[in-house]
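A.B. asks: The following block contains a protein sequence and its predicted model.
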Protein chains: 2
Amino acid sequence: MRKISFTLLLWCPALLYAQQPVQYVRPIIGTEKMGHTYPGATVPFGMVQLSPDTDTIPYELDGKYNPDVYKYCAGYQYTDNTITGFSHTHFSGTGHSDLGDFLIMPTTGPLQLNPGTADHPENGYRSRFSHANETAEAGYYKVKLDDHNITAELTATNRVGFHQYTFPAAGDAHIILDLVAGIYNYGNKNVWTFVRVENDTLVTGYRQTNGWARTRTLYFAMTFSKPIKKYGHRNYANDVYKGFWRKFNQSENFPEMAGRQIRAWFDFDTKAGEQVKVKFALSPVSTEGAQNNLAAEIPGWDFDAVKRQSQDAWNKELSKVAVQTIRPDDLINFYTALYHTYLSPTTYMDADGAYRGLDQLNRRAEGFTNYSTFSLWDTYRALHPLFNILQPQRNADMVRSMLEHYNQSVHKMLPVWSHQGNENWCMIGYHSVSVIADAIMKGNVKGYDAMQALEACANTARYKPYDGLEWYMQLGYVPEDKNGSSVSKTLEYAYDDWCIAQVAKKLGREDLYNEFIKRSLNYRNVFDPTTGFMRPRLSDGQFRKEFDVLSTHGQGYIEGNAWNYSLYVPQYPADMIAMMGGKKQFTGHLDSLFTMHLPDAFFAETEDITREGIIGNYVHGNEPAHHAAYLYNWTDAPWKTQERIRMILPKMYKPTADGLGGNDDCGQMSAWYLFSTLGFYPVCPGSTEYALGSPAVRSASIRLENGKTFSLETIDQSEQNVYVKKVVLNGKTLNRPFIQHEDIMNGGKITFYMSRKPAK
Amino acid sequence: MRKISFTLLLWCPALLYAQQPVQYVRPIIGTEKMGHTYPGATVPFGMVQLSPDTDTIPYELDGKYNPDVYKYCAGYQYTDNTITGFSHTHFSGTGHSDLGDFLIMPTTGPLQLNPGTADHPENGYRSRFSHANETAEAGYYKVKLDDHNITAELTATNRVGFHQYTFPAAGDAHIILDLVAGIYNYGNKNVWTFVRVENDTLVTGYRQTNGWARTRTLYFAMTFSKPIKKYGHRNYANDVYKGFWRKFNQSENFPEMAGRQIRAWFDFDTKAGEQVKVKFALSPVSTEGAQNNLAAEIPGWDFDAVKRQSQDAWNKELSKVAVQTIRPDDLINFYTALYHTYLSPTTYMDADGAYRGLDQLNRRAEGFTNYSTFSLWDTYRALHPLFNILQPQRNADMVRSMLEHYNQSVHKMLPVWSHQGNENWCMIGYHSVSVIADAIMKGNVKGYDAMQALEACANTARYKPYDGLEWYMQLGYVPEDKNGSSVSKTLEYAYDDWCIAQVAKKLGREDLYNEFIKRSLNYRNVFDPTTGFMRPRLSDGQFRKEFDVLSTHGQGYIEGNAWNYSLYVPQYPADMIAMMGGKKQFTGHLDSLFTMHLPDAFFAETEDITREGIIGNYVHGNEPAHHAAYLYNWTDAPWKTQERIRMILPKMYKPTADGLGGNDDCGQMSAWYLFSTLGFYPVCPGSTEYALGSPAVRSASIRLENGKTFSLETIDQSEQNVYVKKVVLNGKTLNRPFIQHEDIMNGGKITFYMSRKPAK
């Protein structure tokens, strides 16, 4: 790592932009334990995520949950010693699993069509590998497959994965296309698979699954750089008898394969050092779409050129933010976090705009990019607000994509957790409305109609059959005896309702404002003054007797306990603080959260995070308390926000494979890091206000899409000087620890005066 | 039945056309035993065949063959006492099964979602019925469902089935949509099913199956004449866990259902005599396509108007041939046969031309109607030749459809047996080439290029991996030790090759003519002079020792024995006769075929036909010998052709439910009846010649698409006067028992002088 001169850079911002930030990206960060990131090749918001899988799922589980598979949500675990192959779709940082489509594996030696086991890779097509022979960069991945003596390299464009395999001399070189392989916690999800060998270099097909996405079909077109010598397949499913197909030998050189569980193989002769390349294009609508994507994005066979193109795309996006860090490692943390935030939502359409809608119809995106992979319970908090600064055009298209989802929804609901033409209904709330409100309130309305968006929000919030919503609308809270996780739902519905009210107010819809501003106060209905916590309430109006403020299970919460979740009133922190006993008492309460000692059992039962993801009782590895450290800003001790942020950052984000304390959750964890590192955070998306914390860089510069630049500089910054003495915005000293969205978007300069001592 | 005056009609042909031939159509003919026809509602060549099913398949058979299901190829058996419901797709007359999509059943009383059994219909949704309360007409079907006290009426347009249910007073009226039900010999074929309740009268969805068609998806849109009160579904499959769907009660009023085995129900309140109507549209490409078809074809709710429209369409097509018969019943036989020939091939595209190709891509038919359901081993013989007279435009579009299949085929082969975007490879040969040659030789080239068609034929005939073809090309015959049914294949390939040669000659492609005319002689390679039969030969050149000339199993034949199949050299009857010992010996041989006495075991093992489908050793219920009775025309005893034809006609075609002696085979059996009844037959499709037999009508008149009329009259016709003394064509006496295609298509008149005595 080059050491960068502070003074030089301060005066030469141009140099900062020339840094080729790709060099600081370490896709390997988060691939060990709970990060659930993947190390493979992709481009910003790309449809293809071509990445090695070290294990995926057992062949058949008949729908039973397999806890061992949880750690393979992204297909790869750093501590594994074998690679099963390279598949083309991966979530980044999720806590549920799907995808892992179209696993390709090059092998030598006798043909083996089963993956084998990690203990005995020699019994299958998988291979041992070593991290010493592994390179993972933004847009590029390389590994030596020891068992086959093959060097595999991967790169990608938006819709095409590009494989380059360097073979030894072999008369039995195979490339396996495994359509049985896939990622899913509940066994094999295949509904149908189909493969056509169109000619001796082109293969097309599709895979239809019933996984986390209930009804998903993904199409492909793959092409080889040299002609196939012979090919074949085996169907591992006991499919229904298929008429008169017996008249052919279907297992070899039969160009049309179909069945529920297909593994196909393609054979080649190779000379020593010969490269066999594979271009593998995806499409959400058809094999024809995939072929068009292939032709449009990678017409030739120059692997290095495509790698450069992919990394150029990363440099372009990453260099929009230039930073000068305190420690060299922070450059790695910063650009890797930025990289992680640009992995999803993912493009979900062909080069010509065609995609499969939620209604299973083939649609065409006209005038916008259609995105998918909306992990909204996570990402409404900081990721989409980050996009309103760094990627406003893309974020507007994401809003547009959510509205198209709404139009196609038979429920007439905006997405909850959606991917690839499916709603998986994961987690709670209707946080699309937060993303939409945040965009509208921040003036990021492009390519969609704000009033229609408001209607969509209101209708979504009124869909009674959804998750206790009818009770909520009737009683003002979700009763725990009728619908679990009732406190979490009540709090989040109330926040979402506030978002709708803000938009209604802005657009002059008083009727809707009145309807939803009233609902936004519903958090009050689950506050129990006797305990000082939000508490599950029953349909008879009483609080439930049993109440464990530490447990995250069965206590009316989800992915959080009463300590963490009771703080969730981002729309009215002052009111919440008053309700909880006033500023002083609340400050002490918050201190306890961060400092209390808990029994080991607590850590064992907390989901989705490592023990390192918890500080005291503060759970950073899950999202509900992501705004918590900033709440001191509403007390008399904003310096405690500064202290906590600077304490959380290095603890929770490390430049190592196990450096993430919890699931990255499609970039939400990384977005928290980026905001907090830059010194401000959107405590309440849907408002235009950011709470200030303590920047953890020496300086930063954000090149905005509107052509303006927002610069941040620090005075007396150091690892010890975590407190902010004074903040000057465009020459004016701020008298409260908040800035507005327009302060950023208008360009300008913010200066933080740092100190070793808190400004009490 | 009205008795029709012969003399009146002879002088008033206009009256004949005004007969409303629909009145003579009895769709019930062939629904008992082996006919495998269906009694329900459809229009000529329609995509929807809305028909009652009396039983279909057991719920799960795990791919094992269920012989009991064979008789339900068309879903309905006349001797059954219960109806399970009304499904929208049916083959007519096939010996293999598929389709039976989207079974609808109206019920009253407690909701029952399983069909129950024939013995205990009260345990399920099915109902008893009686033929006394049943009406089956062309385009209309009506039945009383006794167990539910509901009168069901059905009619159809091309792509929409129209149900009219007259309910009793009921607070528990149900309409069940069973996506589990279907027709297939090998157990439940469902791959996936999907249902969306779009609003309180509109439901859409699809069903994907792996049956005889390996990968078939059919989409629907159904609409009710009154709003649904409530609805729900049950998934009978043990599908993989579906994420967070648990947060809804999915079983009731949840508008999006998916899974492998869905049965949905829709509830209504009904008053006594209230009619609830259902319009059910199909599409091969999407639910949107189905909705468009629905709107295009049945915008309103007037059931009687649609019924009239459907029957008008039938009258229009049926009245192109006017006949005056000898017996009144023959009017029924004739128009029912004509009806049966117009049932398939079936339309396979949306109103806007969209259809799913063999390559699983959505295609659009531009300038032609895309057809499917090509049972070519059967229908090349007489059905397509019949279409070249009665339906030349449709037949040209069928050729075009086959060429599009070829273009989409990864094998680059024309269809063998194809339906709904799938090739099922059933039976043998590549008889598309016969259909194409017949069309080209008869000048019916519209909307396709003859030279391209020739190339497609030649490439199909050269696809080596297909069914022994590589051996055939190498040895001049298919060796039985390498590929079964070798004699049948050799004979049919040789005939098909002759067809290609004729087209090549006509188009001036000498290279192709030489290649294929040589192959057309390959029948000689399997003739065994020592036995006088075609005989299985081995790859070493020897005839196989074991040889049973009566058996149809394992003797080198399929659906025929050596007696029947050895006559299969339609391209060179004279050469065959010479090879078999000359005219005299051959005449005796043919006599034996029709008159020999056979043991009962013979009948038991013959496929697809009843005992009544066999005359002596002549098997009319299967196709290979359909031309046999006409072969006397090449001997010195054409009068024996006349005698046999007039003997076969009344034996094999009766106006009763069990009136067909074998599978109608998509109209081939009926086409044989029509040609033979009209006095001529296309012994060798691909030539322009018809062999004359003995007409079984008093007179006939064919209104051709080209505006001309071809009339047939008889002199001294009677049931006894089966011999033809003289034939006069447009005033000229014929000197041989053959006419040419142009003799018909130029219009004119043929007169048969009949006699009680043969013209020896």
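C.D. replies: Ah, there it is.

A.B. asks: So what's the residue count around the closest residue to A:L567 other than its chain neighbours?
C.D. replies: Spatial nearest neighbour of A:L567, chain neighbours left out: A:A628 (5.1 Å); criterion: CB to CB, 6 or more residues apart in numbering or on different chains. (C-beta placed from N, C-alpha, C; glycine too.) A:A628 has 24 neighbours, counted by other CB atoms under 10 Å in any protein chain shown.

A.B. asks: my guess is A:A628 contacts A:L593, does it?
C.D. replies: Yes. Using CB atoms under 8 Å, A:A628 makes contact with A:L593 at a distance of 6.8 Å.

A.B. asks: related to what we said a few turns ago, starting from chain B, give me the distance back to the residue nearest to A:L567.
C.D. replies: According to CB to the nearest CB, to the nearest Å, A:A628 and chain B sit 26 Å apart.

A.B. asks: ok, back up a step: who touches both of A:A628 and A:L593?
C.D. replies: Both A:A628 and A:L593 are contacted by A:564, A:567, A:618, under the criterion CB atoms under 8 Å, 6 or more residues apart in numbering or on different chains.

A.B. asks: want to throw these into TSV with pLDDT and neighbour count?
C.D. replies: Shown next, in TSV, are the shared contacts of A:A628 and A:L593 (pLDDT from 0 to 100; neighbours: other CB atoms under 10 Å in any protein chain shown):
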residue	pLDDT	neighbour count
A:N564	95	25
A:L567	98	26
A:Y618	94	22
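
A.B. asks: between the residues you listed, which is nearest chain B?
C.D. replies: Of all the shared contacts of A:A628 and A:L593, chain B sits closest to A:N564, with 21.5 Å by CB to the nearest CB.

A.B. asks: Tell me who's in contact with the residue lying closest to A:Q740 once chain neighbours are set aside.
C.D. replies: Distance criterion CB to CB, 6+ apart; nearest residue to A:Q740, sequence neighbours excluded, is A:T688 at 5.3 Å. Counting by CB under 8 Å, 6+ apart, A:T688 makes contact with A:441-442, A:740-742.

A.B. asks: switch the cut-off to 7 Å
C.D. replies: For A:T688, the contact set (CB atoms under 7 Å, 6 or more residues apart in numbering or on different chains) comprises A:441-442, A:740-741.

A.B. asks: Kindly report the same for A:S434.
C.D. replies: By CB under 7 Å, 6+ apart, A:S434 lies in contact with A:380, A:496, A:499, A:685-686.

A.B. asks: And for A:F248?
C.D. replies: By CB under 7 Å, 6+ apart, the contact set of A:F248 is A:254, B:465.

A.B. asks: again with the one 5 residues further on
C.D. replies: When contacts are counted by CB under 7 Å, 6+ apart, A:N253 touches A:230-232.

A.B. asks: For it, give me phi and psi.
C.D. replies: Per-residue torsions, A:N253: phi 60, psi 20 (degrees, to the nearest 10).

A.B. asks: Does chain B have contacts with stretch A:169-180?
C.D. replies: No. Counting by CB under 7 Å from any CB of the partner chain, chain B is not contacted by stretch A:169-180; separation bottoms out at 13.7 Å.

A.B. asks: what's the burial count for the closest residue to A:I104 other than its chain neighbours?
C.D. replies: Of all residues not flanking A:I104 in the chain, A:F86 sits nearest, at 5.2 Å (CB to CB, 6+ apart). Using other CB under 10 Å, the number of residues around A:F86 comes to 26.

A.B. asks: from the contacts of A:S434, which single one is nearest chain B?
C.D. replies: Chain B has its nearest neighbour among the contacts of A:S434 in A:D496, at 16.2 Å by CB to the nearest CB.

A.B. asks: What's opposite the closest residue to A:F167 other than its chain neighbours in the beta bridge?
C.D. replies: Leaving aside its sequence neighbours, A:F167 sits nearest to A:T270 (CB to CB, 6+ apart; 3.8 Å). Under the criterion DSSP bridges, A:T270 forms beta bridges with A:A170.

A.B. asks: Then the one 5 residues further on?
C.D. replies: Legend: beta-bridge partners of A:Q275 under DSSP bridges are A:T166.

A.B. asks: was I right about it contacting A:T166?
C.D. replies: Yes. Counting by CB atoms under 7 Å, A:Q275 touches A:T166, with 5.2 Å between them.

A.B. asks: counting contacts, what elements does the helix or strand hosting the residue nearest to A:I104 pack onto?
C.D. replies: Using DSSP states H and E, A:F86 sits within strand A:85-87. Judged by 3 or more CB pairs under 7 Å, 6 or more residues apart in numbering or on different chains; DSSP states H and E, strand A:85-87 is in contact with strand A:51-53, strand A:103-107.

A.B. asks: and with 6 Å instead?
C.D. replies: strand A:103-107 (3 or more CB pairs under 6 Å, 6 or more residues apart in numbering or on different chains; DSSP states H and E).

A.B. asks: Show me which residues of the strand it packs on are buried.
C.D. replies: For strand A:103-107, burial by neighbour count (16 or more other CB atoms under 10 Å in any protein chain shown) applies to A:103-107.

A.B. asks: Quick one: list the elements packing against that strand.
C.D. replies: strand A:85-87, strand A:170-178.

A.B. asks: Could you pull up the mean pLDDT of the shortest one?
C.D. replies: By that I understand strand A:85-87. Here strand A:85-87 scores 98 as its mean pLDDT.

A.B. asks: circling back to that earlier point, in helices, which of the contacts of A:S434 fall?
C.D. replies: Here DSSP state H is the test, and these give A:496, A:499 as lying in helices.

A.B. asks: Quick one: the contacts of A:S434 as JSON lines, columns for neighbour count, pLDDT and distance to B:I389 too.
C.D. replies: Listed next are the contacts of A:S434 as JSON lines, based on neighbours: other CB atoms under 10 Å in any protein chain shown; pLDDT from 0 to 100; distance: CB to CB, whole Å:
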{"residue": "A:Y380", "neighbour count": "30", "pLDDT": "98", "distance to B:I389": "70"}
{"residue": "A:D496", "neighbour count": "26", "pLDDT": "98", "distance to B:I389": "70"}
{"residue": "A:C499", "neighbour count": "31", "pLDDT": "98", "distance to B:I389": "72"}
{"residue": "A:P685", "neighbour count": "27", "pLDDT": "98", "distance to B:I389": "74"}
{"residue": "A:G686", "neighbour count": "28", "pLDDT": "98", "distance to B:I389": "74"}
